[in-house]
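Asks: Curious how this folds, go ahead:
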Amino acid sequence: MSSNWIYPDWPAPARVKSLVTTRGNGVSRGVYAGLNLGDHVGDDPIDVAQNRTLLREMLPSDPVWLRQVHGATVAYADHLRETVEADAAVAHRNQTVCAVLTADCLPVLFCATDGSVVAAAHAGWRGLLAGVLEQTLDVMGLPAEQVMAWMGPAIGPEDYQVGNEVRQAFVSDFAQSAAGFKGCGSGKWLADMYTLARQRLQRAGVTRIYGGGFSTYAEPVRFYSHRRDGVTGRMASLVWIDD
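Replies: Below is the predicted model of the structure:
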């Protein structure tokens with residue numbers, strides 16, 4: 001791992017490539033300092049374009065960027081010719097790069113155990129509750145036992161305080177979700193996005209689940225964090241097939 005890139009630690013087939021950016025050594029300045037890849041957060045468009053050029057050098061083709069809205073819509077990345085509103089993308093074709101942007105929300109990368117299909121999903125608590133991970137699995141079109149998932153950098157379980165309404169929404173949907181929350185007083189809870197995502201993947205039948213253990217909030221030099229900084233940049237999590 002370099003200062004710029006994280007290479008996911010999952011046993012994906014050799015033809016599946018994956019990459020996660022950090023703040024690294026990009027050209028953005030001020031509150032966006034580093035490798036900001038988000039073109040919708042107020043950063044200088046020239047700096048964002050240069051950062052995306054630096055990323056492009058690591059990839060076989062331009063990433064398929066999405067207009068993320070904290071929902072559960074999944075796009076077919078192979079056929080996209082323009083940016084669409086979605087929070088996940090699936091690809092079957094060689095060198096189609098699926099990408100999601102995050103700065104506390106949970107990025108989840110998927111691949112088939114035979115390398116025939118890949119996907120990337122953006123899962124904030126709203127998208128997680130709406131079923132973005134389950135929808136991604138549905139669009140991949142494989143039995144769950146033929147899918148593996150890797151959870152990338154997100155806000156950590158000791159740093160993500162939410163209200164009781166968030167906990168209640170999860171528990172009402174799936175009682176076991178209570179294990180993903182820890183009380184911290186005054187009707188507030190610490191939410192563990194990794195536990196909540198793992199539960200939902202397991203409920204869908206996925207057993208090969210890797211990654212986790214990051215906290216974007218706790219590492220300001222390495223990661224952007226919207227909860228920590230308010231106005232900030234975005235990191236990318238990317239996956240593609242490359243024979």
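Asks: Give me the most central residue, this structure.
Replies: Centrality entry for the chain: nearest residue to the mean C-alpha point is residue 107, 1.2 Å, by CA atoms, centre = their mean.
Asks: Could you report the separation of it from residue 183?
Replies: 27 Å (CB to CB, to the nearest Å). Quick note: C-beta positions are derived from backbone N, CA and C, even for glycine.
Asks: Leaving out chain neighbours, which residue sits closest to residue 156?
Replies: Nearest non-adjacent residue to residue 156, counting by CB to CB, 6 or more residues apart in numbering: residue 215, 2.7 Å away.
Asks: now do residue 88
Replies: Going by CB to CB, 6+ apart, residue 88 has residue 121 as its nearest residue, at 3.8 Å.
Asks: and that neighbour, that's in a strand?
Replies: Yes - under DSSP: H, G, I helix; E, B strand; the rest coil, residue 121 sits within a strand.
Asks: Just checking the distance from stretch 102-110 to the centre of its chain.
Replies: Here stretch 102-110 shows a centroid-to-chain-centroid distance of 2 Å under the convention CA atoms, centre = their mean, to the nearest Å.
Asks: ok, the residue nearest to residue 88 touching residue 110?
Replies: Yes - when contacts are counted by CB atoms under 8 Å, residue 121 is listed as touching residue 110 (7.2 Å).
Asks: any residues in contact with both of these two?
Replies: Residues touching both residue 121 and residue 110 (CB atoms under 8 Å, 6 or more residues apart in numbering): residue 136.
Asks: show me where this structure has strands.
Replies: 5-6, 16-21, 63-64, 74-76, 88-91, 97-102, 106-112, 118-123, 147-151, 161-163, 181-185, 188-191, 208-211, 235-241 (DSSP state E).
Asks: Bridged to residue 19, which residues?
Replies: Beta bridges link residue 19 to residue 238, judged by DSSP bridges.
Asks: For it, give me its contacts.
Replies: Contacts of residue 19 by CB under 8 Å, 6+ apart are 5, 6, 7, 8, 58, 59, 237, 238, 239.
Asks: pLDDT below threshold where in this protein?
Replies: Counting by pLDDT under 70, the chain has low-confidence residues at 1-3.
Asks: quick one, helices of it?
Replies: Using DSSP state H, the helices of the chain run over 45-56, 125-130, 132-140, 164-173, 193-203, 226-229.
Asks: Please name whichever of those is nearest to residue 187.
Replies: With CB to CB as the criterion, residue 187 lies closest to helix 164-173 of the helices of the chain, at 4.9 Å.
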